[in-house]
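[1] Sequence and computational prediction follow.
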2 protein chains.
Amino acid sequence: MNRVSIKDIAHELGVSTATISLVLNGKDKDGRVGKEIAEKIRQKAREMNYEPNNLARGLRSGVSNTIGLIIADISNLFFANLAFHIQEQAEKLGYSVIITNTNESDLKMEKIINVLKNKSVDGFIIVPTEHGEPFIQNLVERNFPLVLVDRYFPKLKVSSVTVDNYNASKKAVRNLIERGCKKIGLIIYNNGLQHMLDRKKGYIDELESCGLYNPSLIKKVNYSFLLNDITIAIDGLLSIENQVDGIFFATNTLSMQGIKYLMNLNIKLHEELKVVCFDKSDAFDFMPVHIPYIQQPISEMGTDAVKLLVEQMKRQTNKITIKELQTSLIISD
Amino acid sequence: MNRVSIKDIAHELGVSTATISLVLNGKDKDGRVGKEIAEKIRQKAREMNYEPNNLARGLRSGVSNTIGLIIADISNLFFANLAFHIQEQAEKLGYSVIITNTNESDLKMEKIINVLKNKSVDGFIIVPTEHGEPFIQNLVERNFPLVLVDRYFPKLKVSSVTVDNYNASKKAVRNLIERGCKKIGLIIYNNGLQHMLDRKKGYIDELESCGLYNPSLIKKVNYSFLLNDITIAIDGLLSIENQVDGIFFATNTLSMQGIKYLMNLNIKLHEELKVVCFDKSDAFDFMPVHIPYIQQPISEMGTDAVKLLVEQMKRQTNKITIKELQTSLIISD
DNA sequence: ATTGGTTGATTAAACGTTTAATTACTTATC
DNA sequence: GATAAGTAATTAAACGTTTAATCAACCAAT
């Protein structure tokens, strides 16, 4: 009652395992295997419910047709959606995906990379953690097929799919300016990841271009103390010396917690204070006013990442592709 | 520059691969390998950065220390969180997890089960799709380690971890009754999954116990036409002949879309109409009133599922465990 | 001096594939 | 009728482990 192997079919048909393998892998054309026997093999395989053992296959051929996906926080809807699209696209191209989660921990990322390598994934799609650069560097040096997504390290020669964070940020701030804001605060994570820096840079440049930039309106939040830090950040921005009339939230988690706190404070959004968020949240639909937000092309990010990776895995190319997708500012839907 | 294997270490140390394997698997006690050589092997392995090849290991030993997790909708926060906790617990116990997503498609579920079997996972944790019973049945017959989670099939002899849907539902309805509702509607999916039926049964029984049950106040929604069906359902409940004063939403997706529509209709929640939801949503924090909801012990569901599965995989037991966890009704937090 | 137990190591097969190399046969070519 | 070319199959090694079986050496006890 055990799994049926190529050997069983061979035995059943009185033919060698090599022939079976050839046929079942479609290498029976170019005059390798006779038509009748090939058909008989295919028939028998179906009949016996044969399913190839991927371990054996991977061991022998060094190819597992599996992609290792490492994301930073699976309970963040953005990443969950990203994972979804990556898996869909991978399946279309004949790959399966192992989804794993670092929970933003560098240690865990290192560990996971090793686990996945031992499982012989053919390539990685990674949303890297803050101090994960050395581990990525290591993969790059070993010439491992790899695509970074959402976040990237500018110094590394590695393909990536991100959004144009800089211009997204400019767009967001521009919107606040056009709506009449004069004192615009930024709430952003204090990590050193380049996409955060890009968002900050966009904010600064756009404000500077109209002489509205004021460094003390940038408030940084520690990811691990989100709930606490965000109240401090907002209190700071609303304080007597600052009195901002607009806030740009640089991520979806910041948006959610920030707006929650603003509502607690009974701040009238839109009237007393205008906000723009990076990334969408389901909760926007339930807020008393429409919240403008930067929409990311999640589906495209996912499919592009897979496509780039597959190219690498097939060794069709070894050039680095840096893909920067454009975002849209959604005012109301 | 290739991966270092057990052979390389053996060659380096002038010793057989068997010895290496023994030592590296901790089977060098009971007088199998000398102390000095064992230490030398461990030393060298570390030095050469040896990492075992799990394909070879799995092929030879038939054990992969990998759990296949099949969930129904990864972009649903409930499942994403569940996946998170399952992965955490699995890691603690020395297993890695392959997360996959059926998107509620029966076909996909069948396909994924096969893919994972070919990757030789040692066991499954599955959130089954509506018509997935035969595939689960098949796994059960083959005596495959398996735990269902969130949903279950009462006819199958298979371990599962779910919540006590029946009593959760009763609790929810009881709350509406206590808040003075006389005409309480139910909005629920029209699938035949047992946990849905349980929720419906709880609703019916609780209402019948106080003579308030009216079958026409149950509105069913098709998952694939959620957006459309939910408006019809709500319109029906609010119509002149029904005029409900309370609604129980049987899932988080139904809650979200339902409440969204109610707000569009400018229904005053709490005053004109009271609601209770099954499962929590981040969006509740942003609603004008507190939404009471049934809180599920997601973390516990995840860890329990892993524990049950690991017991099975280790063949410590072959008895079926049906675990039904209790929920809490959260009025306000 | 034979037997038997310990300790410490090796040998070789096995897991299920893939694939380069080989063989054997048939047919076509000059 | 010898050679080449094509067709159709097989053989056997290899991938990196694990593990049962075996062997070798030493020592103790009869």
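    Sure thing, it's come through.
[2] roughly how far is the helix or strand bottoming out on mean pLDDT in chain A from the heart of the chain?
    Across the helices and strands of chain A, mean confidence by mean pLDDT, DSSP states H and E is lowest for strand A:96-101: a mean of 90. The chain centre lies 12 Å from the centre of strand A:96-101; the measure is Cα atoms, centre = their mean, to the nearest Å.
[3] The very next helix or strand once past it and DNA strand D in contact?
    Downstream of strand A:96-101, the next assigned helix or strand under DSSP states H and E is helix A:106-118. No - judged by Cβ under 7 Å from any atom of the strand, helix A:106-118 and DNA strand D are separated, with a smallest distance of 8.5 Å. C-beta: built from backbone N, CA, C; applies to glycine.
[4] how far is helix A:106-118 from where the chain is centred?
    A distance of 17 Å separates the C-alpha centroid of helix A:106-118 from that of its chain, computed with Cα atoms, centre = their mean.
[5] Contacts only, for the residue of the stretch 151-300 of chain A found nearest chain B.
    With Cβ to the nearest Cβ, the shortest gap between the stretch 151-300 of chain A and chain B falls at A:A283, namely 3.7 Å. For A:A283, the contact set (Cβ atoms under 8 Å, 6 or more residues apart in numbering or on different chains) comprises A:M256, B:S281, B:D282, B:A283, B:D285, B:F286.
[6] from these, which two are the most distant?
    The largest distance within the contacts of A:A283, taken as Cβ to Cβ, falls between A:M256 and B:S281 and amounts to 11.6 Å.
[7] backbone phi and psi for A:V127, please?
    phi -100, psi 100 (degrees, to the nearest 10).
[8] again, but for the one 5 residues further on
    Phi and psi for A:G132, reported as degrees, to the nearest 10, are phi -90, psi 0.
[9] Make sure it is actually in contact with A:M109.
    Yes - under the criterion of Cβ atoms under 8 Å, A:G132 makes contact with A:M109 at 5.0 Å.
[10] overlap in contacts of those two?
    What both A:G132 and A:M109 touch, as defined by Cβ under 8 Å, 6+ apart, is the set A:I126.
[11] Quick check: the gap between A:T231 and A:V173.
    Distance, A:T231 to A:V173, by Cβ to Cβ, to the nearest Å: 23 Å.
[12] When these two are compared, which one has more neighbours?
    A:V173 (26 against 17; other Cβ atoms under 10 Å in any protein chain shown).
[13] Next up, the contacts around the more buried one.
    A:I184, A:G202, A:Y203, A:E206, A:L207, A:F248, A:V276.
[14] which residues touch the helix or strand containing A:L186?
    Taking DSSP H and E as the criterion, A:L186 maps to strand A:184-189. Strand A:184-189 is contacted by residues A:173, A:176-177, A:196, A:199-200, A:203, A:207, A:212, A:217-223, A:230, A:233-234, A:237, A:242, A:244-251, A:254, A:258 when judged by Cβ under 8 Å, 6+ apart.
[15] Quick check: neighbours of it in the sheet, parallel or antiparallel?
    strand A:218-221 (parallel), strand A:246-249 (parallel) (DSSP bridges).
[16] got TSV for the ones you listed, with mean neighbour count and distance to DNA strand D too?
    TSV is the format used below for the strands paired with strand A:184-189 (neighbours: other Cβ atoms under 10 Å in any protein chain shown; distance: least, Cβ to the nearest atom of the strand, whole Å):
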stretch	mean neighbour count	distance to DNA strand D
strand A:218-221	21	44
strand A:246-249	28	48
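[17] what's the closest of those strands to B:K319?
    Of these, nearest to B:K319 by Cβ to Cβ is strand A:218-221, at 49.3 Å.
[18] Pull that closest one out as CSV, backbone CA atoms only.
    This file holds the C-alpha atoms of strand A:218-221, laid out as CSV (Å, rounded to 0.1, in the frame of the first residue of the first chain):
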residue,chain,number,x,y,z
ILE,A,218,9.8,64.2,11.6
LYS,A,219,8.9,61.8,14.3
LYS,A,220,10.5,58.4,14.5
VAL,A,221,8.9,55.3,15.9
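[19] The next helix or strand after it vs chain B: in contact?
    Counting by DSSP H and E, the element after strand A:218-221 in chain order, helix or strand, is helix A:226-238. No - counting by Cβ under 8 Å from any Cβ of the partner chain, no contacts exist between helix A:226-238 and chain B, the nearest distance being 12.1 Å.
[20] which parts of helix A:226-238 are buried?
    By 16 or more other Cβ atoms under 10 Å in any protein chain shown, the buried positions in helix A:226-238 come out as A:L226, A:D229, A:I230, A:T231, A:A233, A:I234, A:G236, A:L237, A:L238.
[21] Just want the angle from it to strand A:184-189.
    160 degrees (axes from the mean of the first three to the mean of the last three Cα atoms, to 10 degrees).
[22] And for helix A:226-238, what's in contact with it?
    A:185, A:187, A:217, A:219-222, A:242, A:244, A:247, A:253-254, A:257-258, A:261-262, A:265, A:267, A:273.
[23] Generate the ChimeraX command that creates a selection of the buried members of those.
    Selection of buried members from the contacts of helix A:226-238 for ChimeraX, criterion 16+ other Cβ under 10 Å:
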select /A:185,187,217,219,221,244,247,253,254,257,258,261,262,267,273
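[24] just curious, which of the buried residues of helix A:226-238 is nearest to A:A45?
    A:L226 (54.4 Å).
[25] Quick one: mean pLDDT over the strand holding A:L186.
    For strand A:184-189, mean pLDDT is 98.
[26] May I see the buried residues of the helix or strand just after it?
    For strand A:184-189, the succeeding helix or strand toward the C-terminus, using DSSP H and E, is helix A:194-208. Within helix A:194-208, the residues scored as buried using 16+ other Cβ under 10 Å are A:Q194, A:H195, A:M196, A:D198, A:R199, A:K200, A:G202, A:Y203, A:I204, A:E206, A:L207.
[27] do the same with stretch A:14-23
    Neighbour counts using 16+ other Cβ under 10 Å place A:V15, A:T19, A:I20, A:S21, A:L22, A:V23 of stretch A:14-23 among the buried residues.
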